[in-house]
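S.K.: what follows is a protein structure lacking sequence information:
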């Protein structure tokens with residue numbers, strides 16, 4: 001197989017390939033766990049990614065981030 005062709009395919013169609021791979025993973029998760037569990041897994045992964053991204057970009061403590069996101073307690 002010509003590696004130059006493969007590299008050109010990956011560079012020119014990067015998001016098509018990622019979208020297809022994402023669709024495949026989603027389909028396999030739905031088949032394995034069901035639709036609602038798959039949505040739960042994807043929401044948890046997205047939330048974990050978002051928290052990690054926030055901590056990477058703004059090195060503040062997790063407690064400060066939660067205080068900013070959650071409403072103050074009553075009492």
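M.R.: Cool, got the structure. Every value quoted in this text rests on a predicted model; they were computed, and no experiment measured them.
S.K.: hey, let's count contacts and neighbours off CA atoms from now on
M.R.: Will do.
S.K.: can you give me the helices for this protein?
M.R.: Assigned by DSSP state H, the chain shows helices spanning 3-12, 14-33, 35-57, 62-69.
S.K.: want to try TSV for the ones you listed, with mean pLDDT as columns?
M.R.: Listed next are those as TSV, based on pLDDT from 0 to 100:
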stretch	mean pLDDT
helix 3-12	85
helix 14-33	92
helix 35-57	89
helix 62-69	76
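S.K.: okay if I get those as TSV plus mean neighbour count?
M.R.: Shown next, in TSV, are the helices of the chain (neighbours: other Cα atoms under 10 Å):
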stretch	mean neighbour count
helix 3-12	11
helix 14-33	13
helix 35-57	13
helix 62-69	11
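S.K.: outline the domain layout of this structure.
M.R.: The record assigns the chain these domain ranges, following automatic domain parsing: 1-33, 34-75.
S.K.: residues touching the residue most central in space within the chain, list them.
M.R.: Residue closest to the mean C-alpha point of the chain, counted by Cα atoms, centre = their mean, is residue 46 at 4.3 Å. Contacts for residue 46 (Cα atoms under 8 Å, 6 or more residues apart in numbering) come out as none.
S.K.: hmm, try it at 10 Å
M.R.: Counting by Cα atoms under 10 Å, 6 or more residues apart in numbering, residue 46 touches 40, 52.
S.K.: just residue 10 next, same as before
M.R.: Residue 10 sits next to 4, 16, 17, 18 when contact means Cα under 10 Å, 6+ apart.
S.K.: dump those into CSV; add distance to residue 34 as well.
M.R.: Listed next are these as CSV, based on distance: Cα to Cα, whole Å:
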residue, distance to residue 34
4, 40
16, 25
17, 24
18, 22
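S.K.: between the residues you listed, which is nearest residue 37?
M.R.: Nearest to residue 37 among the contacts of residue 10: residue 18, at 22.3 Å, using Cα to Cα.
S.K.: how much space separates that closest one from residue 10?
M.R.: According to Cα to Cα, to the nearest Å, residue 18 stands 10 Å off from residue 10.
S.K.: same check on residue 46?
M.R.: Taking Cα to Cα, one finds residue 46 at 25 Å from residue 10.
S.K.: that older thread, tell me the one among the contacts of residue 10 nearest to residue 39.
M.R.: Distance to residue 39 across the contacts of residue 10 (Cα to Cα) is lowest for residue 18, with 18.9 Å.
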